[in-house]
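> How does the following fold in three dimensions:
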Amino acid sequence: MLGLKLPTDPRWVNIAEKNIEEILTDHAYCEQKAASTAISLIVGYPEKSDLVDKMTALAREEMGHFQMVYKRIIKRGLVLGRERKDAYVGQLKQFFPKGGDRELRLI
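Residues are numbered from 1 along each chain as shown. Next up, the predicted model:
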């Protein structure tokens, strides 16, 4: 059905079934964050026409993915939960320099 290259471990399937609302909510917010990041890059670097063009397309695509996941949530009779903060992501952000050269931040 999905064209997966490897079989899915049945143990994972059992865990996923029991936590499907949380998994779908997390997936939806991943799509939203991708769109938001693209929009932030547009706002931060409006003079870079090629970047703006690509990020506009990416933001639209990612919000389309968000909508698809959200519709699946609703179809299952579930509710989009609140976004959860990821401690790992918080720790990663410590390594990104604040301020400084705009061009270096983009790289």
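> For this structure, give me the ranges with low pLDDT.
For the chain, the stretches with pLDDT under 70 are 1.
> hey, which helix is longest across it?
If you go by DSSP state H, the chain has its longest helix at helix 49-75.
> Would you mind listing the buried residues in that helix?
Across helix 49-75, burial judged by 16 or more other C-beta atoms under 10 Å covers Leu51, Val52, Met55, Leu58, Ala59, Glu62, Met63, His65, Phe66, Val69, Tyr70, Ile73. All C-beta spots, glycine's among them, are computed from the backbone N, C-alpha and C.
> Pipe these into CSV and attach distance to Trp12 per row.
What follows is the buried residues of helix 49-75, written out as CSV (distance: C-beta to C-beta, whole Å):
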residue, distance to Trp12
Leu51, 37
Val52, 40
Met55, 34
Leu58, 29
Ala59, 31
Glu62, 25
Met63, 28
His65, 22
Phe66, 24
Val69, 19
Tyr70, 23
Ile73, 20
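> just how off-centre is the longest helix of the chain within its chain?
Helix 49-75 sits 9 Å away from the centroid of its parent chain (C-alpha atoms, centre = their mean, to the nearest Å).
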